[in-house]
Structures are given as structure tokens and as C-alpha cells.
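K.L.:
Have a look; sequence and predicted model below, questions after that.
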Amino acid sequence: MTTGSPRSAPERPHISDATLRDSAHMAGVEFGPKDAATIAGLLVATGVELVEVGMISGPGARDAELILAAHESVGPERSMSLVVVRDRHQVAGALREAERLGVRHIMCSLPISEWHAQLKLGTTSLKFAQALARSAIHQAKERGFHVTFSGEDGARTPTDRLVAYATSGFLAGADRFRLAETVACLSPWQMEDTVTRLAAIDGAEIEVHSHNMLGMAVANSLAAVRGGARWISATVGGIGERGGNTPLAELLTALRVLHADDRFDLTHLTELTALTLRSARLGDAFQPGPTTPHSFAYELTGQLGHPEAYETLPPELVGNRRRLSVRSRLTPGLIAWALAGTDIAVDLGAFTSWLLEHQRRDGYPLLDRDAIRTAATAFPTA
């Protein structure tokens with residue numbers, strides 16, 4: 001009886017950091033341009049190759065100041081911005097905005113699991129998703145962008161559907177595919193198997209972006225590298241939505257200890273983590289997993305209205321609860337969700353503007369559902 005030959009050591013991965021994109025859109029977290037510039041600079045000094053910053057869905061991007069601050073600090077060649085893809089006309093406007101901001105690297109993001117595709121595109125059709133991705137990629141390459149494309153909720157997507165989608169994107173000219181573990185659901189061996197399938201696509205370059213609700217984001221990222229992934233996406237302190245993301249410090253120290261990877265300057269990590277947590281107003285430490293107040297906190301109406309599309313498990317299973325948490329990203333839809341089930345009646349547009357003005361005046365304190373309801377009772381209607 002013989003045993004298989006040992007696997008060769010995996011290729012050392014490139015590192016991107018999504019703190020100023022994914023974590024910046026965590027409920028209640030909002031980075032200012034000055035802190036964003038400092039965080040970006042420390043990330044690059046550490047050895048992170050790409051700083052992912054901001055989200056662009058059309059003209060007048062809300063994250064424009066963050067994007068420009070990162071460009072000023074580390075340059076557009078070391079930065080990448082996410083471009084939301086929902087239809088061909090919308091993506092054209094988003095790409096024009098990315099050009100206006102001087103973006104060079106973009107990530108086209110559209111839903112690929114049947115769950116997310118139905119919710120956001122109105123259809124589960126794989127052919128529709130492929131056609132939309134191809135259109136976005138073609139438009140972006142024509143404008144000279146380096147293009148990563150991603151399928152939202154990719155980890156819960158059947159592998160055959162995922163591989164077909166990724167293959168179509170590479171044939172359209174994309175430079176990289178990101179496997180998004182939007183909902184943490186994979187074991188390390190499942191991650192390795194999935195990435196092995198993706199990495200076998202002709203000309204494929206694969207990145208993984210894991211969430212840490214199950215505490216396995218670092219393990220899954222390292223397993224993805226064994227499967228052939230060339231890039232790992234992380235965040236400072238592991239902060240981010242739905243239990244957090246792959247924590248940068250743990251990832252880089254794991255690469256150092258387990259794989260003798262000495263490419264990174266680890267001396268910046270403590271300063272970087274402290275600054276990021278302070279800027280995010282998250283205290284001294286971020287705890288991943290399902291039992292913290294931020295694990296099931298949302299500031300988007302779609303997430304509050306369809307939590308099952310974003311959650312690994314229901315909060316009640318661990319004695320937790322779903323909650324609203326918001327500072328400046330107030331919308332009439334969010335207000336309507338907060339006031340549902342009460343007899344409070346207000347003009348949603350007028351009340352939203354009034355509450356935003358009070359938030360600006362008070363320094364954007366954190367609001368939950370009860371605080372919004374209390375404010376609504378004090379809203380002058382006459």
C-alpha cells in the first residue's frame with residue numbers, strides 16, 4: 001500500500017484589506033477621511049497590496065471622500081473600489097463615477113446565489129447573471145479598469161453554478177474572481193474543495209473574502225490558498241458585518257508561524273488595530289461570532305427585511321436578537337421599518353430630514369429602533 005505524495009507548499013498569497021469598504025459599511029461604523037488616509041497608509045506599510053475602499057453604485061458616490069483620501073495616501077494603484085452591479089444602465093453610471101474619482105482597480109459585485117439573485121435581480125436565472133456580469137466586465141475593461149468580479153453569497157451557491165458563472169466572467173476579460181463567503185457557512189475542507197474547482201478554470205486568478213461568524217475565517221482563508229487561491233481579503237481587527245471578517249493580524253501572524261512567510265512588517269499591527277477600532281467607535285477589541293450586539297445589527301432596510309438572506313443562523317438560536325444600528329445612513333425606508341408595529345404616524349421624508357439634522361448637530365450618536373421611535377414622538381408635526 002502506498003500513500004499519495006505530499007502536496008507542494010502553497011504559493012504565498014497576496015493580501016487585500018476591506019476595512020474601508022466592508023467594515024466601513026458595518027452597521028453604525030463610519031470612518032472619516034483623515035482616519036481612512038492613515039489606516040490606508042499603515043496597511044500599505046505593513047505589506048498589504050490593495051486597500052479596498054468605498055462602494056460606488058452611481059453618480060455622487062457617498063464614499064467619494066473616503067476613496068479620494070485613500071488615493072491621496074497610497075495612490076489609486078494601491079486602492080480598489082467596489083462597483084455595485086444591478087443592471088446595465090446602472091453600472092454604466094457607476095463606472096463613470098469611478099472614472100471621475102480616479103479609480104483604477106474595481107470589483108464588480110452582483111448576486112449569484114439563487115437566494116440573493118431573486119432578492120436583488122428579480123430572477124434566479126444563471127444566464128441572466130452571466131450576461132449582466134459580462135456586460136459590466138466589458139464596459140469596465142473598455143474604460144481601462146483592472147477588474148475583479150464577485151458573486152455575492154458565492155459560498156452558498158452550488159459549485160456547478162458558481163464555476164459556470166466564474167468561467168463566463170473570465171471569458172469576458174475579467175482579471176480576478178472573488179469568492180465571497182457573504183454568509184459564513186463553509187468548513188476549511190469545503191473551502192479548499194470549492195476553490196480547487198474555481199482555480200482549475202483556464203486563466204483563473206482567485207481571491208477569497210470570508211466572514212467570521214463561525215470563527216473559521218483564517219482557517220478558511222489558508223485552506224483556500226491550499227486550493228489555489230492567489231489572494232486573501234481581510235480586515236483590521238476582523239471587524240465587519242455579520243460576525244466580522246478574516247482578521248488581518250491573525251492572518252499575517254499565521255502566515256509567519258505556519259508558513260515562514262516573512263514578507264510583512266508586523267510591527268504596525270498593534271497601532272493599526274488600535275487606530276481602526278477607535279475610528280470605528282468599537283472600543284478596544286472586536287469580538288467575532290454570533291453572541292455580540294453587532295453580530296445581527298443592520299442599517300439597511302433590505303437586510304432588516306430579509307435577514308435570512310444574510311444570516312448563518314437566526315439570532316434567537318444563541319439567545320441574541322436582531323437589531324437596527326445606524327448613525328448617518330438614515331433613510332425613509334429604515335424609519336418605516338423602525339416605526340412598524342406602532343401607532344406613531346409621521347411624514348417619513350420630513351422626519352428623516354429632521355432626524356438627520358439632529359444627528360449632525362449631536363455628532364451622530366448611535367441610534368437603535370427604540371431611539372428612533374422616541375425621536376418620532378418628539379417630532380413636531382404642526
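P.N.:
The structure has been received and is ready for your questions.

K.L.:
so where do the helices sit in this structure?
P.N.:
Ranges of helices within the chain are 33-46, 64-74, 88-100, 114-121, 126-142, 159-171, 188-199, 217-227, 248-259, 269-279, 301-305, 332-339, 348-362, 369-378, based on DSSP state H.

K.L.:
Return the most buried member of these.
P.N.:
Comparing the helices of the chain by mean neighbour count (mean count of other C-beta atoms under 10 Å), helix 217-227 comes out on top with a mean of 25. The C-beta positions use only the backbone N, C-alpha and C, and glycine is treated the same way.

K.L.:
Present the helices of the chain as CSV; the columns should include mean pLDDT.
P.N.:
Shown next, in CSV, are those (pLDDT from 0 to 100):
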stretch, mean pLDDT
helix 33-46, 96
helix 64-74, 96
helix 88-100, 94
helix 114-121, 86
helix 126-142, 95
helix 159-171, 95
helix 188-199, 96
helix 217-227, 96
helix 248-259, 95
helix 269-279, 95
helix 301-305, 85
helix 332-339, 91
helix 348-362, 91
helix 369-378, 91
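
K.L.:
can you tell which of these is closest to E152?
P.N.:
When those are compared by C-beta to C-beta, helix 114-121 sits nearest E152, at 5.1 Å.

K.L.:
ok, and what's touching that closest one?
P.N.:
For helix 114-121, the surrounding residues in contact (C-beta atoms under 8 Å, 6 or more residues apart in numbering) are 86, 110-111, 123-125, 128-129, 132, 152-153, 156-157, 161, 182, 302, 306, 309.

K.L.:
Using TSV, lay out the helices of the chain together with distance to H209.
P.N.:
Putting the helices of the chain into TSV (distance: least, C-beta to C-beta, whole Å) gives the following:
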stretch	distance to H209
helix 33-46	16
helix 64-74	18
helix 88-100	20
helix 114-121	15
helix 126-142	17
helix 159-171	14
helix 188-199	12
helix 217-227	9
helix 248-259	12
helix 269-279	18
helix 301-305	17
helix 332-339	26
helix 348-362	31
helix 369-378	29
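
K.L.:
Quick check: G58 touching G93?
P.N.:
Yes - with contact defined as C-beta atoms under 8 Å, G58 counts as touching G93 (4.5 Å).

K.L.:
and P59, how many neighbours does it have?
P.N.:
By the criterion of other C-beta atoms under 10 Å, P59 has 10 neighbours.

K.L.:
Give me the local confidence score for it.
P.N.:
We have a pLDDT of 93 for P59.

K.L.:
Please apply the same query to T292.
P.N.:
For T292, the model assigns a pLDDT of 88.

K.L.:
Nearest residue to R360 in space, please, no chain neighbours.
P.N.:
Spatial nearest neighbour of R360, excluding adjacent residues (C-beta to C-beta, 6 or more residues apart in numbering): S328 at 7.8 Å.

K.L.:
let me redo that: S125
P.N.:
A117 is the one closest to S125 (C-beta to C-beta, 6+ apart), at 7.6 Å.

K.L.:
Can you tell me how far the one you found is from T123?
P.N.:
Using C-beta to C-beta, to the nearest Å, one gets 6 Å for the distance from A117 to T123.

K.L.:
Could you export stretch 283-292 as PDB, CA atoms only?
P.N.:
Coordinates of each C-alpha in stretch 283-292 appear next as PDB, following Å, rounded to 0.1, in the frame of the first residue of the first chain:
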ATOM      1  CA  GLY A 283     -13.800  50.200  21.800                       C
ATOM      2  CA  ASP A 284     -10.600  48.300  22.500                       C
ATOM      3  CA  ALA A 285     -11.300  45.000  20.800                       C
ATOM      4  CA  PHE A 286     -13.700  43.400  18.300                       C
ATOM      5  CA  GLN A 287     -15.300  40.000  19.200                       C
ATOM      6  CA  PRO A 288     -16.400  37.800  16.300                       C
ATOM      7  CA  GLY A 289     -19.100  35.300  16.400                       C
ATOM      8  CA  PRO A 290     -22.800  35.100  17.000                       C
ATOM      9  CA  THR A 291     -23.200  36.400  20.600                       C
ATOM     10  CA  THR A 292     -22.200  40.100  20.400                       C
END
